[in-house]
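# From the sequence below, what's the structure:
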Amino acid sequence: MKSTLNKTNEVNGTIVIELEKEDYQEKVEKSLNQYRQRANIPGFRQGKVPKSVIRKMYGKAVLVDEINKIVSDELGNFIRENKLKILGEPMADDSEDKQVDLEKEDEKMSFYFDVALTPEFELALDKQTELTWYNVKLEDDLLEKQMEGYRQNYGTYASIEEEAKDTDLIKGTLTEMDGEQVKEGGQVIENAILMPSYVKDESVKNRFIGAKVGDSIVFNPMTAYDNNKAEVASLLQTTKENVGDSTPDYRFEIREVTRYKEAEMNQELFDKVLGEGVATSEEEFREKVAAELTRQFKPSVDHLFIHQAKDLIVEKMKDVAFPDEFLKRWLLETSSQRTPEQLEADFPRILEDLKFHIAKQKIMEENELQVEYEDIEALATEVARAQFAQYGMTNLPVDVLQNYTKSLLEKEETLQNLVEQATDNKVIEWLKANVTVVEREIYSKEFNDLMSEHSHSHHEEAQEEAAPEGETEE
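Sure, this is the predicted structure:
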């Protein structure tokens, strides 16, 4: 067996694999013998079928199967051993003069695979190169809004002796009435709960507003809730199906009135939000919360920075030749959903993504940068923490955070995205150390506008198209 690479030019070539009969004959015979042992053919005992019969029945299929395995293995080995950096995947040359005639087993067989080669290029990135890094600052009203949110989220209901307001919870016993008397054998709900603000009938609502513990109020639930059976069922602790078109009157004996009170700005709140002892004063608490809010902008800041780098690098690579025709052919053959017209429209953007992907790999390889599993795990933890922080959940139990992080790492698509993001992080750190970074302070509202404009100009609201995998060694 002999394999060679014939280059058409610097970015296109053909791998030719030549097979002699001795390269595959032994494996074909071994496979036929296995068929013979398993074959169950009428008129022959199992394992005693003549080999000529087996060869006639299965010979061609076995030959094709074994040759395919040999050629596939050889193709991968040749690429690895010669450290070929190819784009996409090798594609069989299906031209008529390159077809293999399996009827001529005694002759040498040649298999042809077109390949796209990663172009060689220089990437000049030094202190002459400028990129902007945005330092996001919080507006005062944004921080105050967050403070108010924490006070509301961590507030509690407390019993009061005052007159009830419309937003208080009124608790007591609900007893079914028969006219002015308690109905014998009627329904009694010991732990009924009602909030006046949800009562639709104003006259009924106003009877509860201003009421106190010890008061009794007789009302009709269907009237109170404007015939809304779902709300009546909730009050009567039953199902909608059990609520008829009308209900009797009920007497509500008020046992307790509780009012929601916002959390005070004290150590208890600091510990609930940030963790025990993380902040010990209101000033320190505000600083920690502001820092946490600012950290939530980091993915977007990184995104803008890496996209600046992408635009700059793609511009530097504008004259680098790529195997465009091969890539178009490969993209069409590997995506049944894409039409040639769609590909022509999308190809410039796909090629830009591919150029940047190759450039990042070049930076990683030439500077011996590597993404370790610890990097991916730390990034997954950061992503998990950021997702919870969006909902004001910053003081997560360790086991909750660990379990959610583990679930992210178990999803193949998420893991792939984390690897890509970890690679971007390595490239970002290298760029910050090797080019001139111009830092610019910007308030969060202006930064959000900038991100919105960027997303619109780069069509990021649309689903990203998968570019070729870039360079590979297998």
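
# which residues does residue 168 contact?
160, 195, 196, 257, 258, 259, 260 (CB atoms under 8 Å, 6 or more residues apart in numbering). All C-beta atoms are positioned from the backbone trio N, CA, C, and that covers glycine.

# 6 Å - rerun?
257, 259 (CB atoms under 6 Å, 6 or more residues apart in numbering).

# ok, now residue 146?
Per CB under 6 Å, 6+ apart, neighbours of residue 146: residue 289.

# Tell me the first helix or strand C-terminal of the one helix or strand it maps to.
Using DSSP states H and E, residue 146 sits in helix 140-153. Downstream of helix 140-153, the first helix or strand assigned by DSSP H and E is strand 156-160.

# Going by neighbour count, list what's buried in the helix with the most length in the chain.
For the chain, the helix reaching the highest residue count under DSSP state H is reported as helix 51-81. Buried residues in helix 51-81, counted by 16 or more other CB atoms under 10 Å: 54-55, 58-59, 62-63, 66-67, 70-71, 74-75, 78-79.

# any chance of those residues in JSON lines, with pLDDT and distance to residue 330 too?
Shown next, in JSON lines, are the buried residues of helix 51-81 (pLDDT from 0 to 100; distance: CB to CB, whole Å):
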{"residue": "54", "pLDDT": "73", "distance to residue 330": "39"}
{"residue": "55", "pLDDT": "78", "distance to residue 330": "38"}
{"residue": "58", "pLDDT": "74", "distance to residue 330": "34"}
{"residue": "59", "pLDDT": "77", "distance to residue 330": "34"}
{"residue": "62", "pLDDT": "81", "distance to residue 330": "30"}
{"residue": "63", "pLDDT": "83", "distance to residue 330": "28"}
{"residue": "66", "pLDDT": "85", "distance to residue 330": "27"}
{"residue": "67", "pLDDT": "85", "distance to residue 330": "23"}
{"residue": "70", "pLDDT": "89", "distance to residue 330": "24"}
{"residue": "71", "pLDDT": "90", "distance to residue 330": "19"}
{"residue": "74", "pLDDT": "93", "distance to residue 330": "21"}
{"residue": "75", "pLDDT": "94", "distance to residue 330": "15"}
{"residue": "78", "pLDDT": "95", "distance to residue 330": "19"}
{"residue": "79", "pLDDT": "95", "distance to residue 330": "15"}
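
# what's the closest of those residues to residue 339?
Relative to residue 339, the closest of these is residue 75; by CB to CB it sits at 29.5 Å.

# quick one, strands of the stretch 301-450 of the chain?
For the stretch 301-450 of the chain, the strands defined by DSSP state E, counting those that start in this stretch cover 436-443.

# ranges for the helices of it?
Taking DSSP state H, counting those that start in this stretch as the criterion, the stretch 301-450 of the chain contains helices spanning 324-334, 340-366, 373-389, 398-409, 412-434, 444-457.

# got the angle between the shortest one and helix 340-366?
It refers to helix 324-334. 110 degrees (axes from the mean of the first three to the mean of the last three CA atoms, to 10 degrees).

# circling back to that earlier point, just put the helices of the stretch 301-450 of the chain in CSV and tack on mean pLDDT and mean neighbour count.
Output for the helices of the stretch 301-450 of the chain, formatted as CSV (pLDDT from 0 to 100; neighbours: other CB atoms under 10 Å):
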stretch, mean pLDDT, mean neighbour count
helix 324-334, 93, 16
helix 340-366, 94, 16
helix 373-389, 88, 16
helix 398-409, 89, 14
helix 412-434, 93, 15
helix 444-457, 89, 13
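
# Quick one: distance of stretch 217-227 to the chain centre.
The chain centroid and the centroid of stretch 217-227 are separated by 48 Å under CA atoms, centre = their mean, to the nearest Å.

# So what touches it?
199-201, 204, 207, 231-232, 235, 246-247, 249, 251-252.

# and which of those is nearest to residue 110?
Nearest to residue 110 among the contacts of stretch 217-227, with distances taken as CB to CB, is residue 231, at 79.9 Å.

# Excluding chain neighbours, what is closest to that closest one?
residue 225 (4.2 Å; CB to CB, 6 or more residues apart in numbering).

# what's near enough to touch residue 423?
residue 371.

# Quickly note the distance from it to residue 302.
12 Å (CB to CB, to the nearest Å).

# longest strand in the chain, by residue count?
strand 250-261 (DSSP state E).

# Can you name every helix or strand that that one contacts?
strand 156-160, strand 169-178, strand 216-219 (3 or more CB pairs under 6 Å, 6 or more residues apart in numbering; DSSP states H and E).

# can I get these in a markdown table with mean pLDDT and distance to residue 90?
Output for the helices and strands packed on strand 250-261, formatted as a markdown table (pLDDT from 0 to 100; distance: least, CB to CB, whole Å):
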| stretch | mean pLDDT | distance to residue 90 |
| --- | --- | --- |
| strand 156-160 | 92 | 66 |
| strand 169-178 | 96 | 70 |
| strand 216-219 | 96 | 80 |
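
# buried ones in stretch 236-243?
236, 243.

# What is the end-to-end distance of it?
9 Å (CA to CA, to the nearest Å).

# from here on, count from 432
Understood, numbering begins at 432; the last thing we discussed is stretch 667-674.

# chain center to it: distance?
42 Å.

# Could you give the average pLDDT over it?
Stretch 667-674 shows a mean pLDDT of 92.

# Residue 595 versus the residue nearest to residue 588 when sequence neighbours are not counted, what's the distance?
Distance criterion CB to CB, 6+ apart; nearest residue to residue 588, sequence neighbours excluded, is residue 689 at 4.2 Å. In this view, residue 689 and residue 595 are 10 Å apart by CB to CB.

# remind me which residues of the stretch 432-581 of the chain are low pLDDT?
By pLDDT under 70, the low-scoring segments of the stretch 432-581 of the chain are 474, 534-537.

# Which stretches in it count as strands?
Counting by DSSP E, counting those that start in this stretch, the strands of the stretch 432-581 of the chain are 433-438, 443-450, 517-523, 540-548, 561-568.

# how about these in a markdown table, adding distance to residue 772?
Putting the strands of the stretch 432-581 of the chain into a markdown table (distance: least, CB to CB, whole Å) gives the following:
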| stretch | distance to residue 772 |
| --- | --- |
| strand 433-438 | 31 |
| strand 443-450 | 24 |
| strand 517-523 | 21 |
| strand 540-548 | 22 |
| strand 561-568 | 36 |
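
# can you pull the contacts of the residue nearest to the spatial centre of the chain?
Centroid-nearest residue in the chain: residue 845, 5.0 Å away (criterion: CA atoms, centre = their mean). Going by CB under 6 Å, 6+ apart, residue 845 touches residue 839.

# From residue 776, how far off is it?
For residue 845 relative to residue 776 (CB to CB), the value is 30 Å.

# before we move on, what about residue 789?
22 Å.

# do residue 849 as well
31 Å.

# how close does residue 479 get to residue 459?
21 Å.

# Just want to know which of those two has more residues nearby.
residue 459 (19 against 10; other CB atoms under 10 Å).

# Mean confidence (pLDDT) on the longest strand of the chain, please.
Taken as a whole, strand 681-692 has a mean pLDDT of 96.

# Many thanks, have a good one.
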